[in-house]
Every structure is written in C-alpha cells, then in structure tokens.
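Trainee: Quick one: sequence plus predicted model below, questions after.
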Amino acid sequence: MIVLASFALVFACLHLARFVLIPVAFAMLLALALAPAVTWVQRRGVHRVAAVLIVVFLVFATLGVVGWIVGQQVSTLANDLPRYRDNIRQKIADVRVFGRGGSIEKVQETVKEVTTEIQKDDKGRPPAKPPVAVVATDPTLPLERVASIVEMAATVGLMMVLVVFMLVERHELRNRLIRLFGHGRISITTRALDEATSGIIRYLLMQSLVNGSFGVAVALGLFFLGVPYPFLFGVLAGLLRFIPYVGTWMAALLPIALSLAVFPGWTKPLLVVALFAVLEPLIYAVVEPLLYGHTIGISQTALLVAVAFWTWLWGPVGLILATPVTVCMIVLGKYVPDLDFIVTLVTDRPALTTDVAYYQRLIAMDREEAAEIIESELPRLGVPGIYDEVMVPALNYARRDRERDALSDEQFEFVVRTSREIVDEVVAPTAPLADSVRGRIVGCPGRDEADEVALRMLASVLAPAGVVVEAVSSERLAAEVVALVESTSPACICVATLPPGGLAHTRYLVKRLHARLGDGCVVVGRWGSGHPAEDPGGLLAAGANRVGTSIAATRDHVLEMLPLTTAPAEPVMRRSA
C-alpha cells in the first residue's frame with residue numbers, strides 16, 4: 001500500500017505540475033540538443049555566453065520563420081478549400097455509388113432501422129423531432145483566445161530563457177547534480193550523467209536528422225505529384241514523426257485528404273498514399289540502421305506503453321517527451337539499485353540469459369523451444385561453447401533444484417533425457433569426424449545420468465581429434481568400473497562429475513583408479529563449478545592427473561595426455577553395459 005500510495009502521489013504531482021514541468025522538460029531537451037553546437041562555436045574562440053546567445057537566436061529564429069511560413073500556408077489553405085467543393089462532392093458520390101446495393105448499404109439500412117425502433121416510445125410512436133437549439137454567442141470567447149495566445153507566448157518565452165541559462169550554466173548544473181546525488185558515489189554518478197546525456201543527445205540528433213530527411217522527402221514527393229503546399233506537409237511530417245509509430249500516418253492524413261479534394265479521380269490520392277507507404281519502410285529499414293540502428297535500448301512493447309502513459313499524463317506533449325524521458329528512466333534504473341526493475345521492464349535486452357531460458361523451457365517440458373534455443377545459439381557459440389555456456393549450466397541447475405526438492409523426479413528425468421537427445425540430434429552432428437582414431441578413453445560418470453549426458457558432450461568435442469569415448473553406465477559400482485578399466489587398458493580415463501555434490505564419490509573413484517593404474521592417465525571433469533581452481537575438492541591429491549572445470553578445458557587435457565597413435569576410424573562413443 002505504501003508503494004502504491006507513493007506512485008499515486010508521484011503521478012498526481014506530475015499531472016498537477018505539468019504547466020511548469022513541460023516547459024522545463026522541453027528546455028532540458030533543447031539544451032541537450034544544442035550543447036554540441038554551442039561547444040563547436042566556443043572552440044572557434046567565441047565566449048561561452050555569446051556562443052549560447054548566437055546558437056539559441058539562430059535556432060529560435062529559424063523555428064520562428066518556419067512557423068510563420070507554416071501559419072501563412074495554413075491560412076491560405078483554409079481560404080482555398082471552398083474552391084474544391086465540387087471534387088469533394090464527387091468523391092462522396094463515388095463512395096455512395098460504391099456502397100449502393102452492396103453490403104455497406106445493407107448494414108447502413110439495418111443500423112437505421114434498429115435505431116428507429118429503439119427511439120420509439122411505449123405506444124410504438126416514432127420520436128418527436130427535437131426542438132431547434134438556439135446557441136448564444138459567448139462574449140468572453142475573444143478574451144479566452146487572447147488569454148490562450150498570451151499563455152502560449154509566455155510558455156515559449158520561459159522555455160527560451162531556461163534554454164539560455166541551462167546552456168550557460170551547464171557545467172555548474174552538472175556539478176550540483178553530482179554534489180546532490182553523488183556524495184560518496186562520484187564515479188557512479190558521473191557515469192550515469194555521461195550515459196544519460198550522451199544517450200539523449202545521440203537520440204535527439206539522430207532522430208532530428210532522420211525525421212528532417214523524411215520531411216524533405218515528403219515535401220519533394222508531394223511537390224512532384226503536384227499537391228499544393230508541399231512545404232507545409234513536409235514540416236508536419238518531420239515534426240509528427242517524433243511521435244513513435246503513429247506519427248507518420250498522422251502526418252499522411254492531411255495531404256491524402258487534400259489530394260482527395262484537389263484532384264479529380266483517384267490516381268493522385270493513391271499516389272500520395274503510396275509515397276508514405278514507400279518512404280516510411282525505407283527510412284526505417286535503411287536510413288535508421290545506417291545512422292544508429294533500429295533500437296535505442298527500449299523494447300518495442302515498453303515504448304508503446306510509455307507513449308500511452310505520458311500521453312495520458314501530459315496530453316499530446318507526452319507523445320514527444322515519452323522516448324527521451326524513458327531513456328532517462330533506464331539510466332536511472334541502471335545506477336540506482338532500488339530502481340533496477342525499470343531496466344528489466346523497459347530495456348530491449350533479453351530478460352533471461354541463454355542458459356536460464358534453455359533450462360526454463362526444459363523444466364516446462366517444452367522440447368521444441370529448448371532445441372530451437374540451442375540451434376539459434378550454436379553458430380555463435382560453437383559446439384564447446386554451447387555445452388559450457390548453456391547445456392552444462394542447465395544440468396547444474398537441474399541437479400541443484402532436485403536437491404532442494406524444487407524439481408520433481410519426472411522433470412529431472414525429462415531434463416536429462418531431452419539434453420541427451422539434443423546432444424545426439426542437434427549438436428553432435430555438427431562436429432566433424434576425424435579420418436583416423438588417435439586413442440580410446442573410458443568415460444566414467446561420477447554419479448548419475450546427468451553425468452552420462454555430460455560425457456556425451458565430451459565425446460562430441462573429442463570426435464574431431466579422433467578420440468573414441470567408451471562410456472560406463474552410471475549404475476556400475478566403483479569396483480566394477482576399476483575392473484573394466486583393467487580389462488580394457490584404455491589410453492586415458494575421464495571421470496565426469498557435475499556440481500553440486502558428488503565430490504566424495506568422485507574422490508573415492510579416483511583413488512581406486514590411481515591405486516590400480518599407478519601413473520596412468522586420469523582426467524576429471526568438474527564442469528560448471530565456476531572459476532578454475534588448483535585442486536577443487538582434493539581431486540589432484542586423490543590421484544587425478546588433470547582437472548578441467550569446462551568441457552573445452554577437459555578436452556585439451558585429454559588430448560595433452562593421449563599418445564600420438566592412429567587407427568582406422570570408428571564410432572566416437574560407445575556405451576559399456
């Protein structure tokens with residue numbers, strides 16, 4: 001309840017103080033966007049205050065000229081619209097002819113009949129005609145218009161003054177923020193400010209360049225199509241494209257509507273629709289990736305939610321401010337531990353690492369999606385990498401959860417069985433086979449079927465080097481394993497044991513093997529145990545020649561210990577009953 005009350009209070013303050021916060025937010029964005037230009041002017045020997053005044057004057061003068069031209073064209077357009085009444089009537093008539101006698105007309109008639117029946121009184125009589133309303137003109141209306149104009153002018157003036165002072169004192173403002181939030185955490189606060197400012201500046205500059213290019217392309221396209229006022233619609237297209245996803249099509253409505261009114265027939269309006277339908281995918285698929293890529297670090301769903309939220313909170317202005325404000329929230333969540341949930345909810349980074357996502361699909365008993373994860377990551381990680389970074393950690397998680405009674409026997413068996421199938425059917429076939437056999441080793445699982453699956457992984461990474469692995473069943477006792485090793489005389493023995501647990505049994509088995517084999521090759525694979533250690537669990541002291549903490553390292557140890565002998569090739573792994 002306290003958390004909900006806190007959020008409600010924050011939202012209420014943001015809404016009630018919007019008349020002050022919106023100019024401040026816009027001033028901050030403009031100051032960030034203009035800071036590189038001010039720095040560039042300063043490096044030419046101009047004083048900081050003079051550089052700020054020059055840049056701000058040029059920017060606002062340009063905006064004023066553009067706004068004046070747009071206003072003149074809007075006024076001219078409003079005066080010209082009555083000339084296009086005949087075309088508008090013809091388009092309406094065409095639409096009526098299209099719907100006459102068809103499904104549209106039938107739906108209209110049905111709706112009209114239902115509405116008439118609903119409006120009848122208890123005696124079945126049709127409703128009386130409503131009286132004609134007489135609306136008196138409000139004499140205060142002109143005063144309200146003047147007040148709104150004065151309010152808008154005051155907001156723009158306040159914004160200009162704030163931009164000037166923020167640019168002049170930007171270093172002082174940065175130092176005050178560090179003093180306020182960075183006491184004892186100067187390095188973290190500095191990184192957060194740098195990341196926030198660089199991210200927002202890059203977003204604003206790149207978006208301005210992209211949207212400006214889009215507006216120029218729209219203006220040129222409409223000019224060549226003969227649509228009146230192409231400059232007006234180009235400016236609107238560039239501005240409205242700052243609104244994610246819907247801004248482009250909002251900008252397209254006006255030129256499409258005007259083309260319907262101006263041109264006879266349907267050819268030019270359809271060409272205007274085609275212009276926007278071609279330009280938007282071209283900008284999105286070609287121009288944006290060349291400049292900064294598709295993403296700004298926010299997931300698509302989260303950005304839509306942010307746009308809806310800030311629009312609800314601050315109205316149409318929230319459409320423009322949604323993306324930069326969300327970027328600031330992401331940076332804040334990265335460096336404030338209590339707000340790290342924002343990063344999880346908003347960023348476009350995967351919520352789960354690959355190994356956790358793979359394990360989650362296994363315990364959900366979804367073999368298909370688990371196999372898809374392995375197939376998608378296999379080209380990037382390679383065979384040893386997919387084992388060490390994805391599949392072995394998943395077996396570690398399964399064993400850990402089973403010991404905590406967080407995983408049922410059925411789920412554990414599914415994890416082990418599916419991992420074996422994925423190794424045999426998805427990963428192992430991608431490993432090339434050697435033309436000759438370099439040596440044969442015996443693979444001994446340390447405890448259970450999960451260790452057997454890990455041995456199959458080792459066999460597939462040893463196959464390209466010509467090493468055949470003969471796996472011993474996990475059901476065999478230590479004495480039986482020792483007897484088998486003595487009878488087969490392998491070039492090397494590899495004992496696989498996955499954490500957690502299993503060290504006591506592994507040490508005992510290694511001691512028995514060392515006692516019988518003397519200086520024979522005994523390699524232990526303690527896979528998924530974390531950082532390499534000199535002697536994890538006393539395995540080297542028990543008689544192991546090498547201990548590998550990953551499948552790749554264990555492969556290297558085995559190849560290092562094997563003699564350089566060759567024989568005809570044969571299956572890379574055999575199972576001993």
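Mentor: Looks like it arrived, so ask away. Numbering: from 1, shown residues only.

Trainee: Could you list the residues in contact with stretch 353-365?
Mentor: Contact partners of stretch 353-365, identified using CB atoms under 8 Å, 6 or more residues apart in numbering, comprise 350, 352, 369-370, 373-374, 377, 389-391, 393-394, 397-398, 401, 407, 411, 414-415, 418-419. Yep, even glycine has a C-beta here, placed from its N, CA and C like the rest.

Trainee: go again using 6 Å as the cut-off
Mentor: Glu369, Ala370, Ile373, Glu377, Val390, Pro393, Ala394, Tyr397, Gln411, Phe414, Val415, Thr418 (CB atoms under 6 Å, 6 or more residues apart in numbering).

Trainee: Find the nearest non-adjacent residue to Leu53, please.
Mentor: Distances taken as CB to CB, 6 or more residues apart in numbering put Val164 closest to Leu53, at 7.0 Å, once the chain neighbours are dropped.

Trainee: So what's the residue count around the one you found?
Mentor: Look at Val164: counted by other CB atoms under 10 Å, it has 20 neighbours.

Trainee: just checking, what packs against the helix or strand that it is a member of?
Mentor: Applying DSSP states H and E as the criterion places Val164 in helix 141-168. When contacts are defined as 3 or more CB pairs under 6 Å, 6 or more residues apart in numbering; DSSP states H and E, helix 141-168 sits against helix 18-42, helix 48-80.

Trainee: hey, which of those helices is tucked in deepest?
Mentor: Among those, helix 18-42 has the highest mean neighbour count (mean count of other CB atoms under 10 Å), at a mean of 17.

Trainee: can you state the direction angle for that helix and helix 141-168?
Mentor: Helix 18-42 and helix 141-168 meet at an angle of 40 degrees, taking axes from the mean of the first three to the mean of the last three CA atoms, to 10 degrees as the criterion.

Trainee: ok, and the helix or strand in the protein with the lowest average confidence?
Mentor: Of all helical and strand segments in the chain, the minimum by mean pLDDT, DSSP states H and E falls on strand 567-568, at a mean of 45.

Trainee: how is the protein carved up into domains?
Mentor: For the chain, automatic domain parsing gives the domain ranges 21-92+151-168, 352-430, 436-577.

Trainee: before we move on, back to that, and the buried ones among the contacts of stretch 353-365, selectable in ChimeraX?
Mentor: Those of those that count as buried under 16 or more other CB atoms under 10 Å are selected in ChimeraX with:
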select :370,373,377,390,393,394,397,411,414,415,418
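
Trainee: Tell me which two in the contacts of stretch 353-365 are the farthest apart.
Mentor: Distance extremes for these: the farthest pair is Glu377 and Gln411 at 22.6 Å, using CB to CB.

Trainee: If you count contacts, what does the longest helix along the chain end up packed against?
Mentor: Criterion DSSP state H: the longest helix present in the chain is helix 186-225. Judged by 3+ CB pairs under 6 Å, 6+ apart, helix 186-225 is in contact with helix 18-42, helix 230-240, helix 267-282, helix 316-335.

Trainee: can you tell which of these is closest to Val74?
Mentor: Val74 lies closest, by CB to CB, to one member of the helices and strands packed on helix 186-225: helix 230-240, at 6.7 Å.

Trainee: pLDDT (mean, whole number) over the closest one?
Mentor: Mean per-residue pLDDT for helix 230-240: 87.

Trainee: Would you check how far apart the spatially closest residue to Ala217 that is not a sequence neighbour and Tyr229 are?
Mentor: Once flanking residues are discounted, Ala217 sits nearest to Leu279: 5.5 Å by CB to CB, 6+ apart. Here Leu279 is placed at a distance of 18 Å from Tyr229 (CB to CB, to the nearest Å).

Trainee: Neighbour count: these two, which is higher?
Mentor: For Leu279 versus Tyr229, neighbours defined as other CB under 10 Å are more numerous around Tyr229 (22 against 19).

Trainee: For the helix or strand harbouring Gly443, which outside residues touch it?
Mentor: Assigned by DSSP H and E, Gly443 belongs to strand 439-445. Counting contacts by CB under 6 Å, 6+ apart, the residues outside strand 439-445 that touch it are 451-452, 455, 467-472, 474, 481, 485, 490-496, 562.

Trainee: and Arg420, what does it touch?
Mentor: Arg420 sits next to Val453 when contact means CB under 6 Å, 6+ apart.

Trainee: Please disregard the earlier target; I meant Thr506.
Mentor: Neighbours of Thr506 in contact, by CB under 6 Å, 6+ apart: Gly446, Val495, Thr497.

Trainee: which residues sit in contact with the nearest residue in space to Val41 that is not next to it in sequence?
Mentor: Spatial nearest neighbour of Val41, excluding adjacent residues (CB to CB, 6+ apart): Ala51 at 4.0 Å. By CB under 6 Å, 6+ apart, the contact list for Ala51 reads Val38, Val41, Gln42.

Trainee: still on that earlier bit, ok, the contacts of stretch 353-365 vs Asp424, which is closest?
Mentor: When the contacts of stretch 353-365 are ranked by distance to Asp424 (CB to CB), Thr418 comes first, at 10.8 Å.

Trainee: Next secondary structure element downstream of the helix or strand hosting that closest one?
Mentor: Here Thr418, judged by DSSP H and E, is contained in helix 409-422. Per DSSP H and E, the first helix or strand lying C-terminal to helix 409-422 is strand 436-437.

Trainee: Parallel or antiparallel, list what pairs with that following strand.
Mentor: strand 567-568 (antiparallel) (DSSP bridges).

Trainee: which phi and psi does Pro490 have?
Mentor: Per-residue torsions, Pro490: phi -70, psi 160 (degrees, to the nearest 10).

Trainee: what's the answer for Val469, then?
Mentor: Val469 has phi and psi values of phi -110, psi 120 when expressed as degrees, to the nearest 10.

Trainee: got it, and the one 3 residues further on?
Mentor: Val472 adopts backbone torsions of phi -100, psi 140, taken as degrees, to the nearest 10.

Trainee: I'd like the distance between it and Leu77.
Mentor: 86 Å.

Trainee: same check, this time on Leu303
Mentor: Distance from Leu303 to Leu77, by CB to CB: 33 Å.

Trainee: can you list the weak-confidence ranges in the stretch 201-350 of the chain?
Mentor: Low-confidence segments of the stretch 201-350 of the chain, defined by pLDDT under 70: 244, 289-297, 336-338, 348.

Trainee: Okay, now the unreliable bits of the stretch 51-200 of the chain?
Mentor: By pLDDT under 70, the low-scoring segments of the stretch 51-200 of the chain are 85-88, 90-111, 113-145, 181-184, 199.

Trainee: Let's see that with 50 instead.
Mentor: Nowhere does the stretch 51-200 of the chain drop to pLDDT under 50.

Trainee: Give the buried residues for the helix or strand where Thr506 lies.
Mentor: Under the criterion of DSSP H and E, Thr506 resides in helix 503-517. Neighbour-count burial for helix 503-517 flags Leu503, Thr506, Arg507, Leu509, Val510, Lys511, Arg512, Leu513, His514, Leu517 (criterion: 16+ other CB under 10 Å).
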